[in-house]
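> Fold the following, please.
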Amino acid sequence: MKRIILEMGMGNDLYGEDYTKAACRAVQDALHHSSLILFRSLGFDHDDMQVKVTIGVQNPDKVDCKAVAATLPRGQAQVLAVKGGQNVTDREHDTVSVIATAAIEAYLDIDPNDWTLSSPSDER
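Predicted coordinates:
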């Protein structure tokens, strides 16, 4: 398997201290940065793509990784929550804002020998 994409995102839950909501928002932020046109262009099947998602939050055990995986539109997803992100405490209002980060890696079983480099002159 070769990694074909790495995207990062950030999400938050400002008032509910919901780590899963913040994680899902981070995933959606990362997804909005990418477009995997190679599937359409080269005839790959989205189901063949393996997707590894790493979520960084202060309390990883509070992330429902299955719920986060369900938000991914394509591929076979694995979600892992790790220590990271940030909590911001508002002592005046006794609230905690949760900030999550997401790294999304997509992998395909691609044989590098099937590909050749071309120069701009080759396209004419």
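> what pLDDT, on average, does the helix or strand I104 falls within get?
When elements are defined using DSSP states H and E, I104 is found to belong to strand 95-108. Per-residue pLDDT over strand 95-108 has a mean of 95.
> Each with direction, which strands does that strand pair with?
Looking at strand 95-108 with DSSP bridges, its partner strands are strand 2-13 (antiparallel), strand 50-57 (antiparallel), strand 86-90 (antiparallel).
> How far away from the center of its chain is the shortest one?
Offset of strand 86-90 from its chain centre (CA atoms, centre = their mean, to the nearest Å): 23 Å.
> got the CA coordinates for it in CSV?
The C-alpha coordinates for strand 86-90 follow below in CSV (Å, rounded to 0.1, in the frame of the first residue of the first chain):
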residue,chain,number,x,y,z
GLN,A,86,-6.1,21.5,23.1
ASN,A,87,-8.7,22.3,25.8
VAL,A,88,-9.4,26.0,26.5
THR,A,89,-11.0,26.6,29.9
ASP,A,90,-13.3,29.6,30.5
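> That's all I had, so thanks and see you.
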